[in-house]
Every structure is written in structure tokens, then in C-alpha cells.
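**Q** Take a look and give me a structure for this.
(2 chains)
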Amino acid sequence: MKKILVIIGIIITFFIIYFLQANFFTWFTIAGIMPNLFIIFVIFIGLFIGKKLGLVFGAIFGIYIDILIGKTIGPSGIMLGIIGMIAEYIDKSFSKDSRITIMSITAVCTAVYEIGMYMFQIIKWGTIIEIIPFFKILLVEIFFNTILVIILYPIIQKLGQKIETIFKGNTILTRYL
Amino acid sequence: MYKNKKTGIIGVVITIIILIVIVIVSNVDIKGISYIENIFTSIVMPIQNGFVYLKNKIEGNESFFTNIDTLKAENEDLKKKNSELEKSLRELEIIKSENETLKEYVNLKDKYSEYKTIPAYIINKDIQNYTKTIIINVGEKDGIKPNMTVIADQGLVGYVISTTDKTAKVQTIIDTATSVSSVITSSRETVVVSGTLENNTTLRATYIPTDATLMENDTLETSGLGGIYPKGIRIGTIKQIVNTKNIIDRYAYIQTAVDFGKLETVLVITNNEE
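**A** Residues are numbered from 1 along each chain as shown, chains lettered A, B, ... in the order given. Coordinates of the predicted model:
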């Protein structure tokens, strides 16, 4: 029952994030560049709930974004699904209790997501490769996402631990005791 | 984890403040901070004037100040005249602007009179940094179909890529995946214009014929080739010509006629296929 409630909560949060991204963050930008809250959200799901749900939610949310605003269906779904999986793998190697770790994961995942999306765009639409403007946008976006993680970290940490207990049980590593 | 709770909250608050400052500073229009310039000027300039006065005194330029009363009166008179002139200039500018707007409307009406259009509002702009699609509030039920051209008062916006009953998705000309066949209005040379990542008002013109003569401020309009956009819709003006070692590779930056940052309403051309 608790799991279902969490899943409903995740879906509602996705829509809240969508409206934030479509309204608030279209004017609250750094030099006209928006952050990408979906990446942070999918990392959160992957880290605290697990790779299967990270992959599934990432893919579903991505496809939904593609349907709503994308030129073609698929790229966001694939890339957000990958982010969900990466987050779970990283969870096994690093501690989530460190703010720096979550910030680093966000920075790496933002880079992976945007590079993947841009590569897809180049292959699918044959667009001209613009390396400098692309990296300029990417760096600002990484910076913006990382700053948002610093702000949201206390919420991520508290909510994440509660959700993790619901989905994974008690995750204390007894080998360290 | 072992930190004081209060310190953590203070850290978050400081980060929020820093973020807000970065957002404001990075988006502020330099013209908008003229009042700050005024404050700084009003602090420094009276003192600076005093120094100049003293300097003139020491250097023996007293004659400059001898007829100070006459000069003051003259100055007042000139100020008055200047203010009157400024007032008439402003009035003339308003009349000129009104005249231009009216001319524009008349031209637009004539220019696009052959097309049937449906007005629409933009209800959603893109939520990602690398793509530039928009959603408008008219759809299949209003007679909108894919590949219909979307324009604004100032010029070309893009074309419809998909529709639902009540909405339509429009791929704008500033999207990097968009290419528009266009002609330079003065020379009638054909070029291909596509979106760039540079900003929301810049396009890139490529495939420029080697013998074509490009001039800055030349306007570009759709050529009618390609089957999507009708002929003669304004795209923008040439902002900068970039010459490369190989003349075949030269390109130009185009300033879009439409200000996509402020775009709110558009027109969908529904009878282009006829």
C-alpha cells in the first residue's frame, strides 16, 4: 500500500516538475538557459528506489515529455531511462549521505543526458555541430542543476531515506558493524 | 551528516540567494540599470566638478567665470528651448511610429491577404535548452493539419509538426533541426537558413552561391521551395557575414524578424496547399 502511495506521489511530483519547468524556469534562467529538473528527479528515483523503477519511470516520463513537446518520440525516454539505471549503479559504489556525491552524480548525469540528446539530434536531423555553443549551454545547465541539488539536498535526503526503507527495507550494511 | 542543522539551513538559504543573484545578473538588460549609473554619477560628479573649478582657478581661467550671471541666464533660456524641442521631437517620434505601424498593418494585410489564417496563442514553450518547439491552442478541430505554416506579424515562425484535437506542436525556425529555403530580397539569390544554438534570435544562412553578393541588413524571405512554406514570408535580416577560406563554406548570421522571446500570438496559414 505504501509503495503504491509513493508511486502516486512520484507521478504527481512529475507533473509539478513539468509545470515548474514549463512556466517558472522559462523565465528563471541563467543567461537564458534553463535547468533540467527531470534529470534530478530521475536520479532521485534511481538512487533511492532502484534501477528497475528508475529505468521504468525515466523511460515513461521521457516518452511523455517527447509526446508533449518533442519533435520525435523516444530520445528523452531512452536517455532518462539510462539516467535512472546509472543512478542505481552509482548508488552501489558511493554513499548517498554526501552532498558532494549527489552533486557530482547530477553533474555527470546532466552531461550524459544532454550529450546523448544532442548526438541523437545530429544523427536524426542532420543538424550542424556547434561545439562551443553546445558546451556553453551544457556547462551552465550543469551548474544550474548542481545549485538546485544543493538547495534541494535536505528534502532529497529525508524523503529518499523514507522511500528507500519502503522499497528496499533497512539498508544498513551489517558488514561495517 | 554530522553538521549542525542550523548551519545546513543557512547554507541552503545562502545558495538560494546566490542563485537568485546569478539569475538576475545574467538576465538583466544593461539599459535597465541606468538608475544605478545615475546614483554613482551623482556621488562622483559634483566633487569632480569642484575639482575642475579649482583647477581652472589655479590655472588662471577666471575669465571663464566672469560673466557667470549672463551665462546662467543664457543657459536657462537654452534649457527651456531645448526642452520644448525635445517635446516636439517626442511628439514627432510618436506620430512616426504610429505611421509606421499603420503602414505595416496595411502592408501585412496586402501581403498575406491571399492566405486564410487562424489566430492562436502559444500555450507552452520548449522545456529543454537544445530544442525550440512551441505548442499553440488550436488543433485538428480548428482545421489545423501537419505541415501548415505558422507566421506572426513580423514574419515566419515555423510549421506544424503534429496536432491533437485542441493543440498543435510547432517546430520554429530557430530550432537547429529546421531548414528553410529562402531568398535574399535584393539579389534574389537562394540560400538555406537554419536554427543555431547561439540564441533565440539568430539563424545561420548556408549554401550561399559563390557568386552571390551579400550585404549586411539585406532581408530574407521564404523562397516557396520545399513544399511547406509559401513564398514571400519575411524571415529576417543579415546581421553578419562570415567569410571562410573556402568561399563555398561561407555563411551569414541572420537576425530573425520575429522576436521569439516575446512571441505570444501567431497565425496559422490554412490554405497554402490550394
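**Q** following the helix or strand harbouring B:Ile94, which helix or strand comes up?
**A** Secondary structure assigned from DSSP states H and E places B:Ile94 in helix B:68-111. Toward the C-terminal end, the helix or strand that comes next after helix B:68-111 (DSSP H and E) is strand B:117-125.
**Q** and the lengthiest helix in chain A, what does it pack onto?
**A** The single longest helix within chain A, with elements called by DSSP state H, is helix A:131-168. Contacts of helix A:131-168 with other secondary structure elements, assessed using 3 or more CB pairs under 8 Å, 6 or more residues apart in numbering or on different chains; DSSP states H and E, are made with helix A:2-22, helix A:37-48, helix A:99-125, helix B:5-27. In short, each C-beta sits where N, CA and C put it, glycine included.
**Q** so which of those helices is the most packed in?
**A** Ranked by mean neighbour count under mean count of other CB atoms under 10 Å in any protein chain shown, these are led by helix A:37-48, which reaches a mean of 26.
**Q** List the buried residues for the helix or strand just after that helix?
**A** Following helix A:37-48 in sequence order, the next helix or strand is helix A:51-69 (DSSP H and E). For helix A:51-69, the neighbour count (16 or more other CB atoms under 10 Å in any protein chain shown) marks A:51, A:53-55, A:57-59, A:61-66, A:68-69 as buried.
**Q** of all these, which comes closest to B:Asn199?
**A** Sorting the buried residues of helix A:51-69 by how near they are to B:Asn199, with CB to CB, puts A:Ile69 at the top with 19.8 Å.
**Q** Per-residue confidence, that closest one, what does it come out as?
**A** In this prediction, A:Ile69 carries a pLDDT score of 84.
**Q** for chain B, what are the low-confidence residue spans?
**A** Along chain B, segments meeting pLDDT under 70 span B:1-6, B:25-45, B:48-49, B:52, B:55-67, B:101, B:103-112, B:272-274.
**Q** cool, chain A as well?
**A** Segments of chain A classed as low confidence (criterion: pLDDT under 70) are A:51, A:170-177.
**Q** Chain B contacts on that one?
**A** Selection of chain A residues close to chain B by CB under 8 Å from any CB of the partner chain yields A:18, A:21-22, A:25-26, A:28-34, A:36, A:65, A:68-71, A:97-98, A:114, A:117-118, A:121, A:124-125, A:127-128, A:130, A:133-134, A:137, A:141, A:144, A:147-148, A:150-151, A:153-154.
**Q** Name only those of those that count as buried.
**A** For these, burial is judged from neighbour counts taken by 16+ other CB under 10 Å, and it is met by A:18, A:21-22, A:25, A:28-30, A:33-34, A:36, A:65, A:68-71, A:114, A:117-118, A:121, A:125, A:127, A:130, A:134, A:137, A:141, A:144, A:147-148, A:150-151, A:153.
**Q** Off-centre distance for the helix holding B:Ile94?
**A** 24 Å (CA atoms, centre = their mean, to the nearest Å).
**Q** What of stretch B:194-211?
**A** Between the centre of stretch B:194-211 and the centre of its host chain there is 16 Å, according to CA atoms, centre = their mean.
**Q** That stretch near chain A at all?
**A** Yes - applying CB under 8 Å from any CB, one finds that stretch B:194-211 is in contact with chain A at B:Ser194, B:Thr196, B:Leu197, B:Glu198, B:Asn199, B:Asn200, B:Arg204, B:Thr206.
**Q** Enumerate the positions of that stretch that are buried.
**A** The neighbour-count criterion (16+ other CB under 10 Å) identifies B:194-198, B:200-206, B:208 as the buried residues of stretch B:194-211.
**Q** one step back: of the residues of stretch B:194-211 next to chain A, which pair is most distant in space?
**A** B:Asn200 and B:Thr206 (19.3 Å).
**Q** How about the contacts made by the residue lying closest to B:Ile18 once chain neighbours are set aside?
**A** Spatial nearest neighbour of B:Ile18, excluding adjacent residues (CB to CB, 6 or more residues apart in numbering or on different chains): A:Ile147 at 7.5 Å. A:Ile147 makes contacts with B:Thr15, B:Ile18, B:Leu19, B:Ile22, as judged by CB atoms under 8 Å, 6 or more residues apart in numbering or on different chains.
**Q** For the first one, give me its contacts.
**A** The neighbours of B:Thr15, taking CB under 8 Å, 6+ apart as the test, are A:Ile147, A:Ile150, A:Ile151.
**Q** if I look at the spatially most central residue of chain A, how far off is B:Glu140?
**A** Nearest to the mean C-alpha position of chain A, by CA atoms, centre = their mean, lies A:Ile39 at 2.0 Å. Here the criterion is CB to CB, to the nearest Å. By it, A:Ile39 lies 33 Å from B:Glu140.
**Q** same question, B:Leu203
**A** As judged by CB to CB, B:Leu203 and B:Glu140 stand 30 Å apart.
**Q** And A:Met79, by the same measure?
**A** Applying CB to CB, the value for A:Met79 to B:Glu140 is 30 Å.
**Q** Repeat that for B:Ile20.
**A** With distances defined as CB to CB, the gap from B:Ile20 to B:Glu140 amounts to 42 Å.
**Q** cool, and B:Asp77?
**A** Distance from B:Asp77 to B:Glu140, counting by CB to CB: 69 Å.
**Q** Neighbour count: those two, which is higher?
**A** In terms of neighbours (other CB atoms under 10 Å in any protein chain shown), B:Glu140 is the more surrounded of B:Asp77 and B:Glu140; the figures are 14 against 10.
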